[in-house]
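# Okay, here's the prediction I keep looking at, along with the sequence it came from:
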Amino acid sequence: MNQVITDTVDFLLLTPAAPYVCPTRLTYRTFDPLCVTACFPQQFPHVSAPTWTLGRDLLAEGLRTPVGQGDVRVRPLGRDRTLVELHSHHGAAALTARTAELARFLDTAYALVPRGHEGPFIDWTSLTDLQVPDPTDM
C-alpha cells in the first residue's frame, strides 16, 4: 500500500538583506522511498513553485554531519538548526530549518520504510518507462 506523508517546515532563506521565511512542503512517498520532495513557496504568479528532490538518507545524515556534493549539501548549523544548500545553473540558495522539525518528519518516513528495506517499496514498473533509448536506434 502506497502512503504519502507531508509536513510544512519553515525554512529561512538566507539573503544578504535579511532571512526570508519560506514555508516549505516536505513530502515523502513510500513508492519513492529514497527521496523527499521539498516544494518551496511560489514567488511569482506566472512561475511554478520550485521543487527539489532530496535524498532521504542525505537529509537525515546532514542533521548530524556535513554531507553532499554537487547540487545538494546538508550540514548542522549550530545546536538546533540544519543548513541546506541548493545549487543549480540558475544560482544557489542557502536555507536553514529547525533540526528537530526535520528529524520529526524523517522519523515518520523511516517508520514507514526503514533504512535498508526500500527495495520492495520501489515501483520498478514505472522505472522501466525511464529507460534510455539505445543510441543505435536513433
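Sure thing, it's come through. Every value quoted in this text rests on a predicted model; they were computed, and no experiment measured them. Numbers count the residues shown, from 1 in each chain.
# Please make it C-alpha for all contacts and neighbour counts, starting now.
Fine.
# And the helices in this protein, which stretches?
Assigned by DSSP state H, the helices in the chain fall at 56-62, 99-112, 124-128.
# Tell me which of the ones you listed sits nearest to residue 23.
Residue 23 sits nearest to helix 99-112 of all these, at 12.3 Å, using CA to CA.
# so what does that closest one touch, helix or strand wise?
strand 4-13, helix 56-62, strand 81-88 (3 or more CA pairs under 8 Å, 6 or more residues apart in numbering; DSSP states H and E).
# Not counting residues beside it along the chain, what's closest to the spatially most central residue of the chain?
Relative to the mean C-alpha position of the chain, the nearest C-alpha, by CA atoms, centre = their mean, is the one of residue 54, at 3.0 Å. The spatially closest residue to residue 54, leaving aside those adjacent along the chain, is residue 36, at 5.2 Å (CA to CA, 6 or more residues apart in numbering).
# For the one you found, give its distance to residue 51.
Using CA to CA, to the nearest Å, residue 36 is found at 10 Å from residue 51.
# Comparing these two, which residue is more hemmed in?
Shown here are residue 36 and residue 51; by other CA atoms under 10 Å, residue 36 has more neighbours (24 against 15).
# I figured that one hits residue 30, correct?
No: using CA atoms under 8 Å, residue 36 makes no contact with residue 30, being 10.0 Å away.
# how about low-confidence regions in the protein?
Residues of the chain meeting the criterion pLDDT under 70: 43-48, 116-138.
# how about stretch 67-79 as CSV, C-alpha atoms only?
Extracted in CSV, the C-alpha atoms of stretch 67-79 (Å, rounded to 0.1, in the frame of the first residue of the first chain):
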residue,chain,number,x,y,z
VAL,A,67,27.2,15.6,3.6
GLY,A,68,26.6,16.1,-0.1
GLN,A,69,28.4,17.4,-3.0
GLY,A,70,27.2,18.9,-6.2
ASP,A,71,23.6,20.2,-6.2
VAL,A,72,22.6,19.4,-2.7
ARG,A,73,24.6,19.8,0.5
VAL,A,74,23.3,19.5,4.1
ARG,A,75,25.1,20.1,7.4
PRO,A,76,24.3,21.0,11.0
LEU,A,77,24.3,24.7,11.8
GLY,A,78,24.8,25.4,15.5
ARG,A,79,23.0,23.3,18.1
